[in-house]
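Undergrad: need a 3D model of the sequence below.
(one chain, ligands or ions: 1)
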Amino acid sequence: MRKQIVAGNWKMNTLLKDGMELAKAVEKMEKDKHSEAIVIIAPPFTHLSKIKELIESVKLGAQNCSSEPSGAFTGEVSPGMLRSAGVEYVIIGHSERRSYFSEGNEVLNKKVKLALSTGLKPIYCCGEVLGERESGQLYDVVRSQLEIGLKDLTLSDMADVVIAYEPVWAIGTGKVATPDQAQEMHSFIRGLLGGMFNAEVARNTSILYGGSCKPSNAAELFAGKDVDGGLIGGASLKADDFIAIVNAI
Ligand code: PGA
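TA: Presented below is the predicted three-dimensional model:
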């Protein structure tokens, strides 16, 4: 059975002290949650090792990693460094990385492979921009993000990969995909995984929805049979909203 997951992407928010408070609050509430979902928080790099000491049931994620294992890459953080700070998951290919930092599918594929070989579990993001949806290119865009981003992965690699479908027009805009739009794309992605790998991988891979997910809309989004949870931005910065989303599963 595939896992249900809710991951909080804090982006470039919170100073260390606030981040530590938020992590503590999430950990406390996670203990009383009434859902089986795995709960992940992805704070900024600078907070990771401190926050690792504060959480037990909540899993630790990072928001990005380098495509290189070590060396003269000023400002980069390698998957090995993340592992050594106690990180288990890493978000790769978030639309903000793709658009503001020009990360394309090829370099993201390198990151995914390096993360996996280092023992991290990638949360690989895909999703179309508004123009691509309106011109009917949404399926082609998502197909190439997956075909190139997950190229050369083995069946056993795929056991550690989580997919996040995040329509870019819904991220941080308050404009949420309808439950039908989310389910349609999730079902397409699952079919694609079946073709790229096999039916078991398609069945067992968790596919999360992301984009303006909040306590008031989470339950209907998560009701889709191929929607296995969410990648949450803004609403993950408030522990009670975040846990309300977890409880909506
Ligand atoms: P949002 O962000 O929930 O603030 O729309 C989601 C994301 O970017 O992962």
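
Undergrad: stretch 57-71 near the ligand at all?
TA: No. Judged by CB under 6 Å from any ligand atom, stretch 57-71 makes no contact with the ligand; its nearest approach is 9.3 Å. For every residue, glycine as well, the C-beta is placed using N, CA and C.

Undergrad: report the buried residues of that stretch.
TA: Residues V58, K59, L60, G61, A62, Q63, N64, C65, S66, S67 are the ones in stretch 57-71 that count as buried (16 or more other CB atoms under 10 Å).

Undergrad: out of those residues, which is nearest to E106?
TA: E106 has its nearest neighbour among the buried residues of stretch 57-71 in S67, at 9.4 Å by CB to CB.

Undergrad: I'd like the distance between that closest one and the ligand.
TA: Distance of S67 to the ligand, computed by CB to the nearest ligand atom, to the nearest Å: 20 Å.

Undergrad: where exactly do the strands run in the chain?
TA: 5-9, 38-42, 59-62, 89-92, 121-126, 162-165, 207-210, 229-232 (DSSP state E).

Undergrad: quick one: closest of the ones you listed to S99.
TA: Once the strands of the chain are compared by CB to CB, strand 121-126 is nearest, at 11.6 Å.

Undergrad: what's the angle between the closest one and strand 5-9?
TA: Angle of strand 121-126 versus strand 5-9, following axes from the mean of the first three to the mean of the last three CA atoms, to 10 degrees, is 80 degrees.

Undergrad: can you name the residue of the protein nearest to the ligand?
TA: Closest approach between the chain and the ligand, counting by CB to the nearest ligand atom: G233, at 2.2 Å.

Undergrad: what are the phi and psi values for the residue nearest to Q181 when sequence neighbours are not counted?
TA: Counting by CB to CB, 6 or more residues apart in numbering, P167 is the residue found nearest to Q181 once chain neighbours are left out, at 7.4 Å. According to degrees, to the nearest 10, the main-chain angles of P167 amount to phi -60, psi 120.

Undergrad: in this structure, which helix or strand is least confident?
TA: Every helix and strand of the chain was ranked by mean pLDDT, DSSP states H and E. The lowest is helix 130-134, at a mean of 93.

Undergrad: list the buried residues for that helix?
TA: For helix 130-134, the buried set under the neighbour-count rule, 16+ other CB under 10 Å, comprises E132, R133.

Undergrad: let me know the pLDDT of the nearest residue to M158 once chain neighbours are set aside.
TA: Ranked by CB to CB, 6+ apart and with sequence neighbours excluded, the top spatial neighbour of M158 is V201, at 4.6 Å. As predicted, V201 sits at a pLDDT of 98.

Undergrad: contacting residues around K110?
TA: S67 (CB atoms under 8 Å, 6 or more residues apart in numbering).

Undergrad: wait, I meant M185
TA: Going by CB under 8 Å, 6+ apart, M185 touches L138, V142, Y165, P167, A177.

Undergrad: and it, how far from N9?
TA: 19 Å (CB to CB, to the nearest Å).

Undergrad: same deal with S212?
TA: In terms of CB to CB, S212 sits 13 Å off from N9.

Undergrad: these two: which has the busier surroundings?
TA: Set S212 next to N9 and count neighbours by other CB atoms under 10 Å: N9 wins out with 26 against 21.

Undergrad: hang on, isn't that one packed against P44?
TA: No. N9 lies out of contact with P44 (CB atoms under 8 Å); the separation is 10.5 Å.

Undergrad: which residues do those two both contact?
TA: In contact with both N9 and P44: Q63, using CB under 8 Å, 6+ apart.

Undergrad: alright, I will stop here.
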